[in-house]
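Please work out how this folds:
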Amino acid sequence: QVQLVESGGGLVHAGDSLRLSCAASGRTFSWNTMGWFRQAPGKERTFVAAILRYGSSEYYADAVKGRFTISKDNAKNTVFLQMNSLKPEDTAVYYCAARLYSGTTLTAMKNEYNYWGQGTQVTVSS
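From the prediction side, this is the model:
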């Protein structure tokens, strides 16, 4: 089992920045990819970004490319999502998810991820 805990959400104004963190515990040696997803009220959960545990591969949704940056600290089993130039449409609950698959292909498919955190709310006012 891998436990994931997100933090760093909050209420900000459009144009502001936030940095989300996702701390992994438990069988932390087992995850190979970490992703961030988000879910706005009344909408499906959608992919935001993903990163390989080893190597430099990153993958972003078009809606956040150039504004959001995913990064990791393997020593601390923590993944981050730096969100800049936030927009009201970025308002959502943000979830991190761990994927056990050992390959090097990143995916936006939420059913490919094995463990999920409880989420952290991000609200961007206009």
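
Surely residue 110 touches residue 37?
Yes - counting by CB atoms under 8 Å, residue 37 is a contact partner of residue 110 at 5.9 Å. To be clear about C-beta, it is placed using only N, CA and C from the backbone, and glycine gets the same treatment.

so what sits against both of the two?
Taking CB atoms under 8 Å, 6 or more residues apart in numbering as the criterion, residue 110 and residue 37 both touch 45, 47, 97.

From residue 97, how far out is residue 119?
Between residue 119 and residue 97 the distance is 10 Å, computed by CB to CB, to the nearest Å.

More neighbours: which of those two?
Neighbour count, other CB atoms under 10 Å: between residue 119 and residue 97, residue 97 has more, with 24 against 18.

Enumerate every residue touching the more buried one.
Applying CB under 8 Å, 6+ apart to residue 97 gives the contacts 4, 34, 35, 36, 37, 110, 113, 114, 115, 116, 117.

Find the centremost residue of this structure, please.
For the chain, the residue nearest the mean C-alpha position is residue 36 (2.1 Å; CA atoms, centre = their mean).

next SSE after the strand or helix carrying that one?
In this structure, residue 36 is located in strand 33-39 according to DSSP states H and E. Counting by DSSP H and E, the next helix or strand C-terminal to strand 33-39 is strand 46-52.

quick one: strands adjacent to that following strand?
When sheet partners are counted by DSSP bridges, strand 46-52 sits next to strand 33-39 (antiparallel), strand 58-60 (antiparallel).

Let's see the pLDDT reported for the residue of the chain most remote from its centre.
Going by CA atoms, centre = their mean, the residue of the chain most distant from its centre is residue 126, 22.9 Å out. pLDDT recorded at residue 126 is 93.

again with residue 101
Taking residue 101 on its own, its pLDDT is 82.

again with residue 105
Residue 105 carries a pLDDT score of 87 in this model.
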